[in-house]
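>>> Sharing a sequence plus its predicted fold:
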Amino acid sequence: MKHFLDINKVSADDLHMIINQAKTTKQARLGQPKAALDSELPLKDKMVALIFEKPSTRTRVSFDVGVRQMGGQTMVLSGSEMQLGHGESIADTARVLSRYADMIMIRTFEEATLLELAEHSDVPVINGLTDRSHPVQIMADIQTYEEHRGPIKGKKVVWSGDGNNVCASFLHASWKFGFDVTFVGPKELDPEAVFIEEARRNSSKIEIARNLEEAVAGADLVVTDTWVSMHDASSARERRHNLLRPYQINDDVMKRANPDALFMHCLPAHREEEVTNSVMDGPQSVVFDEAENRLHAQKAVMRWCVS
């Protein structure tokens, strides 16, 4: 069973193969209508269950469109409709869904929910996001970087702000793809130590910094994310804003990076908070290519799962 649960759980060879497949598929579809079917249909006659315990725009649309382009069908389920882990155990839900669907994608809160679902599922399970990681986003980010600048191996990635789930997946990817990561942000929001230690143990250069202007020197890629999560209380929002104001990405920050450095943000962005309009819409920003590549990278992931 080939689940796609986290980048650090997939071999480097397979990850590179997925990225190359995403590039090839994207290139092959140039000029086609957006709803057109791919020339190959790896999901023909297959049903994919898309489970959303968290709200979503890009994840929902990109997976739904991707399945259809590859010849499959989707059933989109919300957590409230399923009462996942409440009215029925997660293990039993996995067993039942395996009888109906050929693949499951889940976007949820607790990593434990994802892992239990995968443990008891007879069909591939894909991590569409948990509070600890967001692997499909980083696959799209790597595809985007390599489309614009070539191999990401040996490059310096600077993550500014909150050491959240997206940052964690960058750390997972660092030792699989061979790039360095500098996290710059307040100590209270450092990435989980276990992710830092794992990357260092596998020969990645991981640095923790507090000064943004110094950290971005020599950066090939600058990345940030929203300062508050969609489910944070108002008190947490104010505290996070106070902590993270020194880590806004603006023109002065980008000027300190390498001249050809790219800027990424997984979206949705709170403009003029974590990033200014001038950077979001500037020549170094590839955020909308990044958003598009969620479709292509996830199609490659799904193809890998059923291959």
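Yep, that arrived.
>>> Quick check: closest non-adjacent residue to the residue nearest to the spatial centre of the chain.
The centroid of the chain falls nearest to Gln137 when counting by Cα atoms, centre = their mean (1.8 Å). Excluding the flanking residues, the one nearest Gln137 by Cβ to Cβ, 6 or more residues apart in numbering is Cys266, at 5.1 Å. For the C-beta atoms, the positions are set from N, CA and C on the backbone; glycine is no exception.
>>> got the residue ranges for the helices in the stretch 201-307 of the chain?
Listed in chain order, the helices of the stretch 201-307 of the chain (DSSP state H, counting those that start in this stretch) span residues 212-215, 234-244, 251-256, 277-280, 287-306.
>>> Of all these, which one is nearest Thr57?
helix 287-306 (9.3 Å; Cβ to Cβ).
>>> Dump the closest one to CSV, restricted to CA.
Backbone C-alpha positions of helix 287-306 (Å, rounded to 0.1, in the frame of the first residue of the first chain) are rendered in CSV as follows:
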residue,chain,number,x,y,z
VAL,A,287,2.9,32.5,-5.6
PHE,A,288,0.3,32.0,-8.3
ASP,A,289,2.6,29.5,-10.2
GLU,A,290,2.9,27.8,-6.8
ALA,A,291,-0.8,27.7,-6.4
GLU,A,292,-1.3,26.2,-9.9
ASN,A,293,1.3,23.6,-9.2
ARG,A,294,-0.7,22.2,-6.4
LEU,A,295,-2.8,20.6,-9.2
HIS,A,296,0.1,19.1,-11.1
ALA,A,297,2.1,17.9,-8.1
GLN,A,298,-1.0,16.3,-6.5
LYS,A,299,-1.9,14.6,-9.7
ALA,A,300,1.6,13.1,-9.7
VAL,A,301,1.2,12.0,-6.1
MET,A,302,-2.0,10.3,-6.9
ARG,A,303,-0.5,8.6,-9.9
TRP,A,304,2.3,7.4,-7.7
CYS,A,305,-0.1,6.0,-5.2
VAL,A,306,-2.0,3.9,-7.7
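>>> which secondary structure elements does it contact?
Contact partners of helix 287-306 among helices and strands, from 3 or more Cβ pairs under 8 Å, 6 or more residues apart in numbering; DSSP states H and E: helix 12-28, helix 58-69, strand 103-107, strand 125-129, helix 135-149, strand 262-265.
>>> neighbouring contacts of the third one?
With contacts defined as Cβ atoms under 8 Å, 6 or more residues apart in numbering, strand 103-107 is touched by 43, 46-54, 56, 59-60, 63, 94, 97-98, 113-114, 117, 121, 123-129, 302, 305-306.
>>> With the second one instead?
Residues external to helix 58-69 that are found in contact with it (Cβ under 8 Å, 6+ apart): 29, 34-38, 43, 48, 50, 52, 73-74, 76, 105, 107, 128-129, 136, 267, 291, 294-295, 298-299, 302.
>>> try 7 Å this time
37-38, 43, 48, 50, 52, 74, 76, 105, 107, 128-129, 267, 291, 294-295, 298-299, 302 (Cβ atoms under 7 Å, 6 or more residues apart in numbering).
>>> And for stretch 261-281?
Among residues not part of stretch 261-281, those counted as contacts by Cβ under 7 Å, 6+ apart are 58, 137, 141, 144-145, 148-149, 161, 166, 219-227, 248-251, 254, 284-287, 290-291.
>>> Following the lowest-mean-pLDDT helix or strand in the chain in sequence, what is the next regular element?
None of the helices or strands of the chain scores lower by mean pLDDT, DSSP states H and E than helix 79-82, at a mean of 78. Going down the chain from helix 79-82, the next helix or strand is helix 90-100, by DSSP states H and E.
>>> In that next one, which residues are buried?
Going by neighbour count (16 or more other Cβ atoms under 10 Å), the buried part of helix 90-100 is Ile90, Thr93, Ala94, Leu97, Ser98.
>>> Since that was my last question, I'll sign off now.
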